[in-house]
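Chemist: here's my sequence, what's the structure:
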Amino acid sequence: MSKITKAQENESSLDFHENEIREDDYVFVIRADGTLKTVMMPEENAVDTPDEIQRILSVYNMDLSELAEPRVLH
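Modeler: Numbering: from 1, shown residues only. Sure thing, here's the model as predicted:
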């Protein structure tokens, strides 16, 4: 069994993000305890935010207007 180095692990992680996360994706980072750590959204999100995204935000008692400016969520 081969061991991967931290550099290889980081490179693999970057490859995943570059290949899997697109400009029009919404990304929610949630800590193991369930708290919302960060949200990344498309730049042109204000007009047609899907209902599913609004429902996710409602779980954390947030709406899109609260994410208009960068701020610490945790």
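Chemist: by mean pLDDT, point me to the weakest helix or strand of the protein.
Modeler: helix 6-20 (a mean of 61; mean pLDDT, DSSP states H and E).
Chemist: now the helix or strand in which Ser58 is found: average pLDDT?
Modeler: According to DSSP states H and E, Ser58 maps onto helix 51-59. For helix 51-59, mean pLDDT is 92.
Chemist: for stretch 29-46, same thing?
Modeler: Mean predicted confidence for stretch 29-46 is 84.
Chemist: in it, what counts as buried?
Modeler: Buried residues in stretch 29-46, counted by 16 or more other C-beta atoms under 10 Å: 36, 39, 41. (Glycine included, C-beta is placed from N, CA and C.)
Chemist: wasn't the second one part of a helix?
Modeler: Translated: Val39. No - Val39: not assigned to a helix; according to DSSP: H, G, I helix; E, B strand; the rest coil it is strand.
Chemist: wait, Ile21 sits on Val27?
Modeler: Yes - checked against C-beta atoms under 8 Å, the pair Ile21 and Val27 is within contact range at 6.1 Å.
Chemist: now do the shared contacts for those two.
Modeler: Overlap of the contact sets of Ile21 and Val27 (by C-beta atoms under 8 Å, 6 or more residues apart in numbering) consists of Met40.
Chemist: rewinding a little: beyond the least confident helix or strand of the chain, next helix or strand please.
Modeler: Downstream of helix 6-20, the next assigned helix or strand under DSSP H and E is strand 27-30.
Chemist: direction included, what does that next one pair up with?
Modeler: Next to strand 27-30 in the sheet, as set by DSSP bridges, lie strand 36-40 (antiparallel).
Chemist: and the strand it pairs with, C-alpha only, in PDB?
Modeler: Written as PDB, here are the backbone C-alpha positions of strand 36-40 (Å, rounded to 0.1, in the frame of the first residue of the first chain):
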ATOM      1  CA  LEU A  36     -22.400  26.400   8.200                       C
ATOM      2  CA  LYS A  37     -18.800  27.500   7.700                       C
ATOM      3  CA  THR A  38     -19.000  29.200   4.300                       C
ATOM      4  CA  VAL A  39     -21.100  29.600   1.100                       C
ATOM      5  CA  MET A  40     -19.800  30.200  -2.400                       C
END
